[in-house]
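**Student:** Here is my input; please provide its structure:
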Amino acid sequence: MLNSGLTSFHAKKGINQTPLWGETLGNAGYDTHMVGKWHLSQPNLKRSFKATGPTSGGMFESGPEQYNRPAPGNTWTPWDTSLKGQWLETEQWEPQAKEEIRHSAAVWADYGVEYLQSRASQSEPFFLYVGFNSPHDPRQAPKEFVDRYPRNRIQIPPNYVPEHPFDQGDARVRDEKLAPFPRSREAVQVHRSEYYAHITYMDAQVGRILDTIERSPLADNTYVIFTADHGLAVGQHGLMGKQNVYDHSIRMPLMIAGPGIKPGSRNDNLVYQHSMFATTCDLAAVALPPSVEFPSLVPLLRGKRIAPHDAIFSYYSEFQRTVRTRQHKLIVYPKARQAQLFDLAKDPWETVNLIAKPEHAALKKDLLARLHRFQKDLDDDLPAVELPASA
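**Tutor:** Predicted coordinates for the structure are as follows:
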């Protein structure tokens, strides 16, 4: 959706025939370049960018011992460079480089920095897309970064439970097998410590890219967008992965800096990351393909008080559908025959399920009607979901 501007169900069917983000900017005269994680097809990669550095798929495996941790006898550590995963043999990615092992985030940042340095003396506009695999598991980082987050000092999130109260769908999917069942507090602390270290190491590599921009003539005329495709549970609600629609997984970072944007300003409107296609075209005065279904966020960046969406839709496979407003969220689990209703203003950690409270009958009815409209308008694969009898 990010690269096509299409809604999810439309992207499944139409992405191969739709103008893509980098392709659109390239056709408008931009030099387009990509390095790092690419989780779409190779034909769409070639269509999107005029040139690429080294690229990878969605994730790196580090062997069976990265799973079911902590456990007796498991000696896997994030800083052991022999365990592969994020630790790459540079000759595989940089044929002319000396043989050494380096973290994927550092390798991708190297190529981003190199590209920016090559653009400093060029007048042609550019679009650089750097896709970090971090902080996707395996959550690896140098030991000095892990040492910043002693596991016994890691706070347990308020919505911690040893196990999710029901099978939300894919309850034993790969991500969930990273820690033993049920989740112990120790396991949550271990994984959150390594998660924070991985994020911090990636942040240092992002900083190298930003420093390169700041030290060059590009600084006054370059927009920087930092975002990610999803959040992560890492011990919240008894879960470890992303395969859920709680806020910890559907919310994501979205930061934009550049000319005309007030530094330090914040906006709490409901938006979709998929608006980046329209937003960058708007900023660059590039004609937006009519296929793009998400609006530009430039009015928000310019300080206008508008709300692009009064509610948002999210889903996971055939297992979960949700509608979220600024205050409330309804989640329906059609396979599990479960439903949840949260007041996010009073309960941001989503711990108190209000679905069976009779005083919320009108709210449930309204949110379910909104969810049905979303399903219809977006051409959802599932028929209109219904609340279970217990709700």
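**Student:** List the contacts of residue 264.
**Tutor:** Listed by C-beta atoms under 8 Å, 6 or more residues apart in numbering, residue 264 has no contact partners. Any C-beta I mention is one placed from the backbone N, CA and C, and that applies to glycine too.
**Student:** for it, phi and psi?
**Tutor:** phi 80, psi 0 (degrees, to the nearest 10).
**Student:** Do you know the pLDDT at the residue nearest to residue 24 when sequence neighbours are not counted?
**Tutor:** Spatially, and ignoring its direct neighbours in sequence, residue 24 is nearest to residue 289 (5.9 Å; C-beta to C-beta, 6 or more residues apart in numbering). Looking at residue 289, its pLDDT is 97.
**Student:** give the contact list for residue 289.
**Tutor:** 5, 18, 19, 24.
**Student:** Could you point out the helix or strand that follows the longest helix seen in the chain?
**Tutor:** Secondary structure of the chain read by DSSP state H shows that its longest helix is helix 185-214. Stepping forward along the backbone from helix 185-214, the first helix or strand reached (DSSP states H and E) is strand 224-227.
**Student:** Give me the sheet partners of that next one and which way each runs.
**Tutor:** Paired strands of strand 224-227, with direction, are strand 254-257 (antiparallel) (DSSP bridges).
**Student:** Now do the helices in this structure.
**Tutor:** Using DSSP H, helices in the chain cover 8-14, 21-27, 42-48, 90-93, 104-119, 143-146, 185-214, 247-250, 276-284, 298-301, 361-377.
**Student:** Of those, give the one that comes closest to residue 325.
**Tutor:** For those, the distance to residue 325 is smallest for helix 361-377, at 7.6 Å, taking C-beta to C-beta.
**Student:** Which strands or helices does the closest one pack on?
**Tutor:** If you count contacts as 3 or more C-beta pairs under 8 Å, 6 or more residues apart in numbering; DSSP states H and E, helix 361-377 packs onto strand 312-316, strand 320-324, strand 328-333, strand 338-343.
**Student:** how about the longest helix of the chain: buried residues?
**Tutor:** Neighbour-count burial for helix 185-214, counted by 16 or more other C-beta atoms under 10 Å, picks out 187-202, 205-206, 209, 212-213.
**Student:** Near residue 43, how many other residues are there?
**Tutor:** For residue 43, the neighbour count with other C-beta atoms under 10 Å is 9.
**Student:** what's near enough to touch the spatially closest residue to it that is not a sequence neighbour?
**Tutor:** Leaving aside its chain neighbours, residue 43 sits nearest to residue 16 (7.4 Å; criterion: C-beta to C-beta, 6+ apart). Going by C-beta under 8 Å, 6+ apart, residue 16 touches 41, 43, 44.
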